[in-house]
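J.: Based on what follows, work out the 3D shape:
(one chain, ligands or ions: 2)
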Amino acid sequence: MECVLFIGIQASGKSTFYKEQFFNSHIRINLDMLKTRHREDIYIAASIQAKQPFVVDNTNPGAEDRKKYIEAAKRGRFKVIGYYFEPDFAESVKRNELRAGAAKIPEIGIKSVLKKLTPPGADEGFDELYKVTSQNGKFIVTEL
Ligand SMILES: Nc1ncnc2c1ncn2[C@@H]1O[C@H](COP(=O)(O)OP(=O)(O)OP(=O)(O)O)[C@@H](O)[C@H]1O
Ligand SMILES: [Mg+2]
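T.: Ligands and ions are numbered 1, 2, ... in the order given. This is a model prediction of the structure:
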């Protein structure tokens, strides 16, 4: 069973990548959709109990943000896989500008997550780590 953690600033392509790679196999856990940490915890616990692969599609910028998912997954004997979306601040700002309604967020929000962003390390408990970049609208995945 797999717990997949995405790590990346806003508008870096995480949810798009989820749709391309994980839509048919992994439940998507997303704080923007679930609204509260309490509701998120319920879905994480349920996925682990049901042995259902899942993706945590949040920005997850720091080791502290990632810790609770990694610990819960390990307790449930899930494999933990991280995808680090290489930040491109200017590109993210541009993509955010093209968004409509509530999806469009203030630029300062992107800057603040960028400041907190630390690349994931194997010492956090990841079993596999990948880096995601994008070129001409296509995702390129390499080992981190
Ligand atoms: N590889 C790509 N190349 C160019 N544009 C992309 C790529 N992936 C996604 N986009 C576009 O960039 C925008 C942001 O993508 P997406 O919503 O997937 O980002 P996100 O990381 O999930 O952001 P958030 O953290 O705010 O949810 C979307 O409008 C999407 O169409
Ligand atoms: Mg998203």
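
J.: what about the residue nearest to the spatial centre of the chain, distance to ligand 2?
T.: Centroid check for the chain by Cα atoms, centre = their mean gives residue 6 as the closest residue, at 2.2 Å. As defined by Cβ to the ion, to the nearest Å, residue 6 lies at a distance of 8 Å from ligand 2. For glycine as for every other residue, the C-beta is placed from the backbone atoms N, C-alpha and C.

J.: Surely that residue is in contact with residue 85?
T.: Yes - between residue 6 and residue 85 there is a contact under Cβ atoms under 8 Å: 6.8 Å.

J.: got any residues that touch both of those two?
T.: Common contacts of residue 6 and residue 85 (Cβ atoms under 8 Å, 6 or more residues apart in numbering): 14, 17.

J.: that older thread, need the per-residue pLDDT for the residue nearest to the centre of the chain.
T.: If you check residue 6, the pLDDT there is 98.

J.: Is it bridged to anything, and to what?
T.: Here residue 6 shows beta-bridge partners residue 83, assigned using DSSP bridges.
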